[in-house]
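Chemist: here's my sequence, what's the structure:
(one chain, ligands or ions: 1)
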Amino acid sequence: MAKPLQKPICTRAELDKVSFLIRPILLKNKPTSALIFAFEGEVYAYVNHCMHMHRPLNCEEDAVFDETGKYLRCSMHGFIFAPKTGECQSPVCFGQRLQALRIESNDGLLYFAEKHLSLPAD
Ligand code: FES
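Modeler: The predicted structure is shown next:
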């Protein structure tokens, strides 16, 4: 595997200590943010953008999981999403998916592995 050129997001161990991370990203040079979390032992990342009314999932609360911890939940209107697929489970947007982002792990560090994703300058 070629070594990623980007800065790491965090270590895998760090991700297990938090509910989720939000990172600013440029996707096709457009500023947005990414949502990264570990769920049932696997790492997942999505563009942090709810398709309902185009808000970040954590726009109203510093949380992205519902009270059960089994579903992602947009804090704006409460739509829920399957963590493993990003698929919306709420009627209005049922079946639509959050945009998944590929992550690579290298020596315990996590990196974005999307061709059109870059990180903003510090
Ligand atoms: S904007 Fe996410 S549920 Fe409405």
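Chemist: who in this protein is up against the ligand?
Modeler: By CB under 6 Å from any ligand atom, the part of the chain that sits against the ligand consists of 50, 52-53, 55, 74, 76-77, 79. For the C-beta atoms, the positions are set from N, CA and C on the backbone; glycine is no exception.
Chemist: which among these end up buried?
Modeler: Applying 16 or more other CB atoms under 10 Å to the residues of the chain next to the ligand, the neighbour count classes 50, 52, 55, 74, 76, 79 as buried.
Chemist: farthest pair within those residues?
Modeler: The distance between the two most remote of these (CB to CB) is 10.2 Å, for 55 and 79.
Chemist: where does this structure have low pLDDT?
Modeler: When residues are selected by pLDDT under 70, those of the chain lie in 1-5.
Chemist: rerun that using 90 as the cut-off
Modeler: Counting by pLDDT under 90, the chain contains low-confidence ranges at 1-6, 121-122.
Chemist: hey, where'd the helices end up in it?
Modeler: Along the chain, counting by DSSP state H, helices occupy 12-16.
Chemist: quick check: longest strand of it.
Modeler: Secondary structure of the chain read by DSSP state E shows that its longest strand is strand 30-39.
Chemist: next, the buried residues of that strand.
Modeler: Neighbour-count burial for strand 30-39, with 16+ other CB under 10 Å as criterion, is recorded at 33-38.
Chemist: stretch 63-74 now?
Modeler: Applying a neighbour-count criterion of 16+ other CB under 10 Å, the buried positions in stretch 63-74 are 64-65, 71-74.
Chemist: please enumerate the strands of the protein.
Modeler: Per DSSP E, the chain carries strands over the ranges 10-11, 21-27, 30-39, 42-47, 72-73, 80-81, 103-106, 109-112, 117-118.
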